[in-house]
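Student: take this sequence and fold it.
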Amino acid sequence: MLRKSLTAVAILLCFATTPLLAEETLPKGNPPVDSPPIDSPPAGKWNSNGTWTFGLIASGGKSIYVGEKNKATMLPYLAFDSERLHFGVDDGLAYHFLNFGDPQTSGGQLSLVLAPRWETALRKSSIFDGMDRDLPIEGGVRGRYNAYGFFGEAKALFDISGVHGGYELEAALGAERQFGRFGFEAKLGARYRDKKLNFDLYGVSAAHATATRKQFTPDASVAGFASIGARYFMSEDLSLIGNVSVENIGKMKDSPLVERDHSIFLTIGIMKSF
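Tutor: From the prediction side, this is the model:
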């Protein structure tokens, strides 16, 4: 009961500060909380005073889980970005403890991050009946380096809530371009998940095994992912965004909870910054 109470408090805090993803952001099979065209502030807004962004997001696609309905979901979006701080439902809370160079051209950033793993809470299929699992809260470090239209990213997240006790390592390379009012980004990467995290996502214990849901104890695995994002600036502070993200879960497709080896999600929305 205590764990569930703490989880509820964490969710309320997240929604109090931000009702959506982005990078590291809906449904990571995976929420598209993954796209800088969604969560980065518009040009000229990277400052110590910070920028509020409000919007409306529509997201839908194909989940990896058995029986998960592929329907679109509308969500409000609220985020805050400054030189040192970011918070939003997309990727929780981030403290940028090291900024160097110019974040918009050639430079980098190291951040401490704290975020829920939303896919656990968003699973609605009946295949999970009787398998109550708390929402994990994860913390770690994230880094990004931009150089003349290209970038590299890395992230390490560890369970700090005691829900699964596992971790995830992520690395990605990408490119971004600006053409007048249009901004584009493409990214390709991989996520390493240890067996404890995989059990929380795909495992079935002996106690929860049934005639249609066999016992399954996963090993560590690597999942590949890719995303393409776009943003159109209607004005300096008003923009339209879109993002498509795909993840292949590799050998985790053998789980009885899974019906396909990849997920795909489309996100579109409108954003207003202040």
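
Student: this structure: helices as residue ranges?
Tutor: Taking DSSP state H to define them, one finds helices in the chain at 2-17, 36-39, 118-122, 195-202.

Student: worst average pLDDT in these?
Tutor: Here the helices of the chain differ in mean pLDDT, and the lowest is helix 2-17 at a mean of 38.

Student: ok, now how distant is the nearest residue to R123 once chain neighbours are set aside from P116?
Tutor: Take R123 and drop its neighbours on the chain: the residue closest to it by Cβ to Cβ, 6 or more residues apart in numbering is Y65, 6.0 Å away. All C-beta atoms are positioned from the backbone trio N, CA, C, and that covers glycine. Applying Cβ to Cβ, to the nearest Å, the value for Y65 to P116 is 18 Å.

Student: the two: which has the busier surroundings?
Tutor: Per other Cβ atoms under 10 Å, whichever of Y65 and P116 has more neighbours is Y65, with 23 against 20.

Student: contacts only, for that one.
Tutor: By Cβ atoms under 8 Å, 6 or more residues apart in numbering, the residues touching Y65 are 29, 123, 125, 127-128, 257-259.

Student: run through the bridge partners of it.
Tutor: The partner list for Y65 in beta bridges (DSSP bridges) reads V258.

Student: give me the pLDDT for it.
Tutor: On pLDDT, Y65 comes in at 91.

Student: quick check: it vs I127, distance?
Tutor: For Y65, the distance to I127 (Cβ to Cβ) stands at 7 Å.

Student: phi and psi next, for the nearest residue to K253 once chain neighbours are set aside.
Tutor: Leaving aside its sequence neighbours, K253 sits nearest to D261 (Cβ to Cβ, 6+ apart; 3.8 Å). Dihedral pair for D261: phi -90, psi 0, per degrees, to the nearest 10.

Student: could you verify my assumption that D261 touches N248?
Tutor: Yes - judged on Cβ atoms under 8 Å, D261 makes contact with N248 at a distance of 5.9 Å.

Student: more neighbours: which of these two?
Tutor: Between D261 and N248, counting by other Cβ under 10 Å, N248 is the more crowded of the two (19 against 16).

Student: show me what contacts that one?
Tutor: Residues in contact with N248 (Cβ under 8 Å, 6+ apart) are 223-225, 261-262.
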